[in-house]
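1. sequence first, predicted coordinates after that:
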Amino acid sequence: MLELLAEFYKLALQCVNILRTNDPRLFIGAVLAGLTVGGLLWWFAWVWGHWWNKKFTLQPLHHILAALVLVFALAYTVTSVGLKYAAAMAESAVRLWQESAALDNDLRMRLAARLYDEVAARGGEDMSKIPDPRQLDAGQEWIFTYSNHAETQAVIGEVYTLGALEHFKKARPLLAAILSPSVTPDLVVNDIRQKSVSDPGAPYHLQDGVQLLVSQMFMNLSSQIGRVVIAARLVLLGLFLLFLLIPFSLIAAAAYRDIRVHTPARPFTV
């Protein structure tokens, strides 16, 4: 959860910076709207206290809390408007992930080892002709050649697809939770078969699978842009309302205690 909130904070901050740079008028309008909302909430804090106790007066601590509400209202309004750029930021994040995954040597070695183990477990290949990638010297490229095309291609597609999606979920947990790439190993398998026809015996590289996965993500992203913006704004609204519970709960509790302190006890009669 903390990881998701941290990524959401980065996304929101980037959107606000883009809003301030690309559309300063809208940014100023959002600031003024936030100050207006915060001022109304400050006034409502006084009304809220009087709902509980008509003789209650806000203390300095309560005014400090109301001021914090104003600040958070300003941040909420500006960020909510800035999230109009969330879809563009999501697309940019997917592109950056594509580049990082293609250059991630550790990822390639992990998938190579997983692929080697999967092929060995299924027994469809002569493993004496396939070197163990974990036993290669540093910097040496693992060349995977296979003979049982249909079964082994299915294993390659499964390992690369699941491995790339796991990498994406780890690198971009918020986007992985919002977006649904809906990528199946069959896409990679079909790509492997098409390339093996044009170049028989050529190894299928991780970059090829990542490129295919990202292309599919972009196709799905176009129909999910609204989901990214709506989900981000709902998360922001939930955080804002959660914060509002703190000052207004403290004000209500203080007003109720004030009733008990200043209400004289009734005399006991027989």
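-> Good, I have the coordinates.
2. helices of the stretch 101-250 of the chain, start to end?
-> 105-122, 149-171, 173-178, 185-198, 206-222, 225-262 (DSSP state H, counting those that start in this stretch).
3. can I get those in TSV including distance to residue 83 and mean pLDDT?
-> (Each C-beta comes from the backbone N, C-alpha and C, glycine too.) Formatted as TSV, these follow (distance: least, Cβ to Cβ, whole Å; pLDDT from 0 to 100):
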stretch	distance to residue 83	mean pLDDT
helix 105-122	31	86
helix 149-171	21	84
helix 173-178	12	79
helix 185-198	31	81
helix 206-222	16	72
helix 225-262	5	80
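4. would you turn those helices into JSON lines with distance to residue 50 and mean neighbour count?
-> Converted to JSON lines, the helices of the stretch 101-250 of the chain look like this (distance: least, Cβ to Cβ, whole Å; neighbours: other Cβ atoms under 10 Å):
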{"stretch": "helix 105-122", "distance to residue 50": "61", "mean neighbour count": "16"}
{"stretch": "helix 149-171", "distance to residue 50": "50", "mean neighbour count": "19"}
{"stretch": "helix 173-178", "distance to residue 50": "41", "mean neighbour count": "18"}
{"stretch": "helix 185-198", "distance to residue 50": "63", "mean neighbour count": "15"}
{"stretch": "helix 206-222", "distance to residue 50": "49", "mean neighbour count": "18"}
{"stretch": "helix 225-262", "distance to residue 50": "8", "mean neighbour count": "15"}
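5. closest one to residue 34 among the ones you listed?
-> Closest approach to residue 34 among the helices of the stretch 101-250 of the chain (Cβ to Cβ): helix 225-262, 10.9 Å.
6. residues contacting residue 250?
-> By Cβ atoms under 8 Å, 6 or more residues apart in numbering, the contact list for residue 250 reads 61, 62, 65.
7. just the buried ones from those residues?
-> The neighbour-count criterion (16 or more other Cβ atoms under 10 Å) marks 62, 65 among the contacts of residue 250 as buried.
8. starting at the chain centroid, how far to stretch 170-187?
-> Counting by Cα atoms, centre = their mean, to the nearest Å, stretch 170-187 is centred 11 Å from the centre of its parent chain.
9. sorry, back to before: for residue 137, find the nearest of the helices of the stretch 101-250 of the chain.
-> It's helix 105-122; of the helices of the stretch 101-250 of the chain, that one is closest to residue 137 (Cβ to Cβ) at 12.5 Å.
10. show me the contact partners of the closest one.
-> With Cβ under 8 Å, 6+ apart as the test, helix 105-122 has contacts from 101, 125, 127, 130, 132-134, 142, 144, 146, 151-152, 155-156, 158-160, 163, 167, 206.
11. can you give me the distance of the closest residue to residue 209 other than its chain neighbours to residue 192?
-> Among residues not flanking residue 209 along the chain, residue 160 sits closest, at 3.9 Å (Cβ to Cβ, 6 or more residues apart in numbering). From residue 160 over to residue 192 the distance is 9 Å, taken as Cβ to Cβ, to the nearest Å.
12. where do the contact lists of these two overlap?
-> residue 204.
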